[in-house]
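Asker: below: sequence and its predicted model.
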Amino acid sequence: ASELRYPPSKIAVIGAGIGGTSAAYFLRQTFGKDVQIDVFEKGTVGGRLATINVEGKDYEAGGSIIHPLNLHMKHFIKELGLSVPENRHGLLGIYNGDEFVFEESSWYIINILKLLWHYGFSPLRMNMWVEDILDKFMRIYRYQSHDYSFSSMEGLFHALGGNDFIQMLNRTLDETLQKAGFSQKFIYEMVTPIMRVNYGQGVNINGFVGAVSMTGADSGLWSVKGGNKLVCSGLLYASKAQLISGTVISIEERTRPQRTGGTVKLYEVSYNSASGPATDMYDIVLIATPLNHKMSNITFQNFNPPLAQFSDRYHQMVATFVHGRINASFFGYKDPSHFHLANIFTIENPNLFIYSIGVVSPVQNTHDDMKQPMGPAVWKVFSKESLTKEQMNLLFSSYDSVKEKKWLAYPHYHLPNTCPPIILHDRIYYLNGIEWAASAMEMSAVAAKNAALLSYHRWYGNMNMIDQEDLYEKLKTEL
Ligand SMILES: Cc1cc2nc3c(=O)[nH]c(=O)nc-3n(C[C@H](O)[C@H](O)[C@H](O)COP(=O)(O)OP(=O)(O)OC[C@H]3O[C@@H](n4cnc5c(N)ncnc54)[C@H](O)[C@@H]3O)c2cc1C
Ligand SMILES: CC(C)=CCC/C(C)=C/CC/C(C)=C/CSC[C@H](N)C(=O)O
């Protein structure tokens, strides 16, 4: 691949979620205006960024919150002229199945005193721990702005935070936090509920995704007015890519004669669309969907040796949207008028059938949409399984509409944790391996920019721009 010097003529991107659409955007930036970029999508543009309509208003049903330091996402909304709705933060309670172990007050000082009383300095130390990891994670923006790329997830993570980052990927969050001196009570009562609401899993997930999940509890989180999926359609438009509505079924390497003599190796992408089965040839292919037979079912034909198969499981998460009144007595409130919580996270307890429940605002948020928790409101419930009628009647004193969205949401994290390769074949790149480190919109965008740069450098043989050692030190001296 490194001997190729002419520009590629066609690049395929499979998947039009945030990974695929940001890849199309970065490929255009990197390869220039002449290359044809085709983006294949079997469902709707946005993928796991999707809205659901409840009584005439749209709510985020998939990826919903974005961190203030997610710089690619921030750049996209600025570039695409999108905006952020106003948001009011409701009060949070943490419920263990019998009682609330923590209830937020509207008085900041009371919250600080409560946290100090229950957990000592652990919350403060947790802030510092997360900030340190986020600081190191943010080195990626510097590397990518200087066009550096990585050929493996391990290489990328090593360049961010050295052996500590590699270790975090290979240790449970529980072990990582215990080693860092956090108390079992704090881990159990404060950290586990945050992992459950974000990833539907406990503290046996890897330490890095645990840290990412903790940043999801920071202040200043935002979303896109009109729906986060607008970023995907905007990026697709900005990239001048062609959207092909169809399901890719296989990829095969082909050798084709050239008009000038000699041969060229291309990838044949076979897909089914509304107008029937079709094939197309590409110089480079980027796969921006989990390679999991339940989610994408793409086969690689006639590769010798055969390409690696990934069968790792994705975790089911059900988001149920209910317009109704919460049943405060289910959560132990004798007098419902005393109930002021807008978000309830839960601790691991076999009797609890939900991860969380919280009031949500529509994506076109206006001030009127911010409801009081005891009035009728739209609640989003996260659970492992669909809620039964009995469970609905326990959670709500009354309700008039229910909508459910079932997701294979994120990897089912387990150890040992090996991130799948980025380079699947000479010019086939896989983005979603990054989800095994942590699944989040920004992670997909980071993987997309890396794949665009990596495919470019490998095409043109710029090997000095790939897997550079001591990048942090090198760039520190460069202004
Ligand atoms: C309920 C939920 C809540 C979440 N909350 C957050 C959050 O608050 N913040 C955050 O940052 N992240 C969140 N995430 C995670 C985030 O949504 C994902 O990490 C991110 O959207 C993944 O994007 P992607 O483009 O990599 O994959 P996807 O969005 O899954 O995109 C892949 C696309 O490929 C298409 N496709 C698959 N197979 C084929 C095929 N064979 N041919 C053609 N097309 C194909 C699919 O239809 C899909 O559109 C959440 C996820 C879920 C499910
Ligand atoms: C990648 C970095 C550094 C930060 C991302 C932080 C972030 C936004 C984490 C959230 C991840 C996630 C999968 C959340 C799922 S649920 C979100 C929310 N609670 C909801 O109600 O939908």
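Answerer: Thanks, I have the structure now. Numbers count the residues shown, from 1 in each chain. Ligands and ions are numbered 1, 2, ... in the order given.
Asker: what residues sit buried inside whichever strand or helix holds L230?
Answerer: Assigned by DSSP states H and E, L230 falls within helix 229-238. Counting neighbours by 16 or more other Cβ atoms under 10 Å, one finds that the buried residues in helix 229-238 are K229, L230, V231, C232, S233, G234, L235, L236, A238. For every residue, glycine as well, the C-beta is placed using N, CA and C.
Asker: try stretch 216-223
Answerer: G216, A217, L221, W222, S223.
Asker: if we take the residues you listed, which one ends up nearest to L431?
Answerer: Here the nearest of the buried residues of stretch 216-223 to L431, counting by Cβ to Cβ, is G216; it sits at 21.0 Å.
Asker: how far away is V318 from H414?
Answerer: If you measure V318 against H414 using Cβ to Cβ, to the nearest Å, the figure is 21 Å.
Asker: higher neighbour count, the two?
Answerer: For the pair V318 and H414, the greater number of neighbours falls to V318 (19 against 14), based on other Cβ atoms under 10 Å.
Asker: now do the same contact list for the closest residue to ligand 2 within the chain.
Answerer: Taking Cβ to the nearest ligand atom, ligand 2 has its nearest neighbour within the chain at G216, 3.1 Å off. With contact set as Cβ atoms under 8 Å, 6 or more residues apart in numbering, G216 has these partners: I65, H67, I194, N198, A440.
Asker: the fourth one reaches S213, doesn't it?
Answerer: Yes. Judged on Cβ atoms under 8 Å, N198 makes contact with S213 at a distance of 4.3 Å.
Asker: for the contacts of G216, which one is nearest N464?
Answerer: Nearest to N464, judged by Cβ to Cβ, of the contacts of G216 is A440 at 30.3 Å.
Asker: can you pull the contacts of the closest one?
Answerer: Under the criterion of Cβ under 8 Å, 6+ apart, the contact partners of A440 comprise G63, N70, V212, G216.
Asker: do the same with N417
Answerer: Applying Cβ under 8 Å, 6+ apart, one finds that N417 lies in contact with L169, N170, N206, W436, A437.
Asker: and the third one, how many neighbours does it have?
Answerer: Taking other Cβ under 10 Å as the criterion, the count of residues near N206 is 26.
Asker: now do the last one
Answerer: Applying other Cβ under 10 Å, we find 25 residues neighbouring A437.
Asker: for the nearest residue to it once chain neighbours are set aside, give me the pLDDT.
Answerer: By the measure of Cβ to Cβ, 6 or more residues apart in numbering, the closest residue to A437 outside its immediate chain neighbours is F208, 5.4 Å from it. What the model reports as pLDDT for F208 is 97.
Asker: just to be sure, F208 is in a strand?
Answerer: No. Counting by DSSP: H, G, I helix; E, B strand; the rest coil, F208 is not part of a strand but helix.
Asker: I'd guessed it sits against A438; true?
Answerer: Yes. The pair F208 / A438 is scored as a contact, 5.7 Å apart, by Cβ under 8 Å.
Asker: for the closest residue in space to N327 that isn't next to it in sequence, what is the enclosing helix or strand?
Answerer: Setting aside the residues directly before and after it, N327 is nearest to S397 in space (Cβ to Cβ, 6+ apart), at 4.4 Å. Per DSSP H and E: S397 is located in strand 396-411.
Asker: which ones are touching the closest residue to ligand 1 within the stretch 51-200 of the chain?
Answerer: Residue nearest to ligand 1 within the stretch 51-200 of the chain (Cβ to the nearest ligand atom): G63, separated by 2.7 Å. Residues near G63 by Cβ under 8 Å, 6+ apart: I18, R48, L49, N228, A440, M441.
Asker: next, Y143: phi, psi?
Answerer: Its backbone dihedrals place Y143 at phi -60, psi -50, with angles given as degrees, to the nearest 10.
Asker: which residues does it contact?
Answerer: Neighbour list for Y143: A159, L471, L475 [criterion: Cβ under 8 Å, 6+ apart].
Asker: between the residues you listed, identify the one with the most neighbours.
Answerer: A159 (21 neighbours).
Asker: helices and strands around the host helix or strand of that one, which ones?
Answerer: In the assignment (DSSP H and E), A159 maps to helix 153-169. In terms of contact count using 3 or more Cβ pairs under 8 Å, 6 or more residues apart in numbering; DSSP states H and E, helix 153-169 is assigned the packing partners helix 122-137, helix 139-145, helix 207-215.
Asker: so which of these comes closest to I428?
Answerer: Closest to I428 of the helices and strands packed on helix 153-169 is helix 139-145 (Cβ to Cβ; 21.2 Å).
Asker: tell me the mean pLDDT over the closest one?
Answerer: Mean pLDDT, helix 139-145: 97.
Asker: any buried residues in that helix, and which?
Answerer: Judged by neighbour count using 16+ other Cβ under 10 Å, the buried positions of helix 139-145 are I140, Y143, Q144.
Asker: looking at those residues, spot the one nearest L243.
Answerer: Of all the buried residues of helix 139-145, the one with the least separation from L243 (Cβ to Cβ) is Q144, at 25.3 Å.
Asker: thinking again about what came up before, tell me the pLDDT at the residue of the stretch 51-200 of the chain closest to ligand 1?
Answerer: Value for G63, per-residue pLDDT: 98.
Asker: could you do Q258 as well?
Answerer: The predicted local confidence for Q258 comes out at a pLDDT of 82.
Asker: thank you, goodbye.
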